[in-house]
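K.L.:
With the sequence up front, the predicted model follows.
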Amino acid sequence: MTRAARKPTIPDYTAKAGTRERALIAALALFDAQGVESTTIEQVRDAAEVSIGSLYHHFGSREGLVTALYEDLLERYRVALMAELSRHDTPRAFLDAFVKTHIAWSIRHPDAARFLAEHRYHRAVTVAEAKLQRGTADFLRPLMLLFRPAVETGILKPIAPDVLISLIVGPVQAWLRSHRAGKASIRPDLAAKQLADTIWDAIAAPTPARKTRKS
């Protein structure tokens with residue numbers, strides 16, 4: 001996606017940051033400020049204060065850097081999300097935690113959230129499609145393990161798994177796009193509550209439909 005170029009803000013590096021991490025941090029700042037296509041490997045080298053040889057050693061090419069950055073940010077998001085989701089064991093609490101944490105992480109890390117949202121189908125990322133799909137399947141498995149019994153006992157409507165995921169994730173992503181565009185009409189915390197309530201109304205079965213799960 002084309003964006004107006006602006007001066008990138010390169011974060012200060014800690015003494016513990018290695019060459020690869022410094023390159024990823026610099027690449028994200030440059031990509032977010034001026035776009036992937038307008039960023040050269042030499043600019044990343046200079047911003048990260050690493051050698052060209054090190055960049056090619058770790059990433060192979062600029063496209064390899066794009067792929068690695070996408071995978072790194074996605075993993076960071078998933079780790080943060082799972083840390084919160086693991087604290088909940090009911091479908092409603094799980095849903096509330098997902099919506100709240102997804103929105104909070106995206107707002108706390110706007111550059112990372114923009115990159116993930118805008119570059120999912122970049123040619124460098126689609127090269128790793130099979131790997132990404134395996135990672136997504138692994139990530140969604142705990143969610144499905146929690147929701148399947150809820151469907152069986154009538155807590156949730158009998159919705160196909162892929163449709164269920166779309167109903168949960170889609171509205172949140174749509175609101176975040178509106179927020180990134182400066183068009184959101186309410187605060188993130190209020191949006192999280194309204195979205196969670198609305199999604200729950202869409203996926204929860206009417207109370208009389210609920211039944212005791214067979215042992």
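P.N.:
Yes, it's here. Residues are numbered from 1 along each chain as shown.

K.L.:
Could you check stretch 137-151 and say which residues are buried?
P.N.:
Of the residues in stretch 137-151, 143, 146-147, 150-151 count as buried by neighbour count, 16 or more other C-beta atoms under 10 Å. In this view, the C-beta of every residue, glycine as well, is placed from N, C-alpha and C.

K.L.:
ah, wrong one, I meant stretch 58-69
P.N.:
By 16+ other C-beta under 10 Å, the buried positions in stretch 58-69 come out as 58-59, 62, 64-69.

K.L.:
which residues are contacting that stretch?
P.N.:
19-20, 23-24, 27-28, 31, 36, 39-41, 44, 55, 115, 119, 122-125, 127-128 (C-beta atoms under 8 Å, 6 or more residues apart in numbering).

K.L.:
Point to the helix or strand of this structure where mean pLDDT is at its lowest.
P.N.:
Within the chain, no helix or strand scores below helix 129-152, which has a mean of 86 by mean pLDDT, DSSP states H and E.

K.L.:
Check which helices and strands it is in contact with.
P.N.:
Secondary-structure packing of helix 129-152 (3 or more C-beta pairs under 8 Å, 6 or more residues apart in numbering; DSSP states H and E): helix 62-85, helix 91-108, helix 161-180.

K.L.:
any chance of the ones you listed in TSV, plus distance to Trp200 and mean pLDDT?
P.N.:
Shown next, in TSV, are those (distance: least, C-beta to C-beta, whole Å; pLDDT from 0 to 100):
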stretch	distance to Trp200	mean pLDDT
helix 62-85	16	94
helix 91-108	6	96
helix 161-180	10	94
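
K.L.:
now those helices as TSV including distance to Gln133?
P.N.:
Converted to TSV, the helices and strands packed on helix 129-152 look like this (distance: least, C-beta to C-beta, whole Å):
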stretch	distance to Gln133
helix 62-85	12
helix 91-108	20
helix 161-180	13
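
K.L.:
which stretch among the ones you listed comes nearest Ile155?
P.N.:
helix 91-108 (6.0 Å; C-beta to C-beta).

K.L.:
Restricting to C-alpha, output the closest one in CSV.
P.N.:
Extracted C-alpha coordinates of helix 91-108, given in CSV (Å, rounded to 0.1, in the frame of the first residue of the first chain):
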residue,chain,number,x,y,z
PRO,A,91,-16.0,-19.2,25.7
ARG,A,92,-17.3,-15.8,26.8
ALA,A,93,-14.3,-14.9,28.8
PHE,A,94,-12.0,-16.2,26.0
LEU,A,95,-13.9,-14.0,23.5
ASP,A,96,-13.7,-10.9,25.7
ALA,A,97,-9.9,-11.4,26.3
PHE,A,98,-9.3,-11.9,22.6
VAL,A,99,-11.1,-8.8,21.5
LYS,A,100,-9.6,-6.6,24.2
THR,A,101,-6.0,-7.9,23.8
HIS,A,102,-6.1,-7.8,20.0
ILE,A,103,-7.2,-4.2,20.0
ALA,A,104,-4.8,-3.2,22.9
TRP,A,105,-1.8,-4.8,21.2
SER,A,106,-2.6,-3.2,17.9
ILE,A,107,-2.8,0.2,19.4
ARG,A,108,0.3,-0.3,21.6
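
K.L.:
so what does it touch, helix or strand wise?
P.N.:
Counting by 3+ C-beta pairs under 8 Å, 6+ apart, the packing neighbours recorded for helix 91-108 are helix 62-85, helix 110-118, helix 129-152, helix 161-180, helix 188-203.
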